[in-house]
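# got a sequence here, can you model it:
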Amino acid sequence: MTTERSTGGGGDSRQQTLSELLRWLETQKGGVATFYEFQHRSLALRASNPGQAGLLRLLADLSGRFADLYDGEPLDQPTANEALGKLIGHVREAGRLHPAATGDLLDLANRIGNEELAPAG
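Numbers count the residues shown, from 1 in each chain. Modelled structure (predicted):
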């Protein structure tokens, strides 16, 4: 089970939109704290975006699993960059989807549900 942790300093996350979440994520360097904060912000964003609550939960869990894996462990920059790039890609795609595009939304949710940000091996 992933630990839901906040690094603070995020303001009222519930008022964020998915595009604001993406803009914030694109400014991050990809340390473990970034992935915990993304988890926190995604979970908070569910309240104001009930139509994307499931997708936001999956993104939060994906980010939290990665953060838990590297919490207290060395996280090299190439691994961090790759994980951050994957996460940004998923959030960007989620932001482009029309709420009525349920097939596309389900496809994205299934890909995120099968994804791990950590390298295999």
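# so the nearest residue to Thr79 once chain neighbours are set aside: helix, strand or coil?
Leaving aside its chain neighbours, Thr79 sits nearest to Pro119 (6.1 Å; criterion: C-beta to C-beta, 6 or more residues apart in numbering). C-beta: built from backbone N, CA, C; applies to glycine. When classified by DSSP: H, G, I helix; E, B strand; the rest coil, Pro119 comes out as coil.
# number the residues from 642 up from this point.
Right, with 642 as the first residue, what we last looked at is Pro760.
# any idea how far Leu716 is from Pro760?
11 Å (C-beta to C-beta, to the nearest Å).
# and Glu734, which helix or strand is it part of?
helix 718-737 (DSSP states H and E).
# any idea of the mean pLDDT in that helix?
For helix 718-737, mean pLDDT rounds to 95.
# send the alpha carbons of that helix over as CSV?
Taking Å, rounded to 0.1, in the frame of the first residue of the first chain, the C-alpha atoms of helix 718-737 are listed here in CSV:
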residue,chain,number,x,y,z
GLN,A,718,18.8,11.2,-12.7
PRO,A,719,18.2,9.1,-15.8
THR,A,720,15.6,6.9,-13.9
ALA,A,721,14.0,10.0,-12.4
ASN,A,722,13.8,11.7,-15.8
GLU,A,723,12.3,8.6,-17.4
ALA,A,724,9.7,8.2,-14.7
LEU,A,725,8.8,11.9,-14.8
GLY,A,726,8.5,11.8,-18.6
LYS,A,727,6.1,8.9,-18.4
LEU,A,728,4.0,10.6,-15.8
ILE,A,729,3.9,13.8,-17.7
GLY,A,730,2.8,11.9,-20.8
HIS,A,731,-0.1,10.3,-19.0
VAL,A,732,-1.3,13.6,-17.5
ARG,A,733,-1.0,15.3,-20.8
GLU,A,734,-3.0,12.6,-22.5
ALA,A,735,-5.6,12.7,-19.8
GLY,A,736,-6.0,16.5,-20.2
ARG,A,737,-6.6,16.1,-23.9
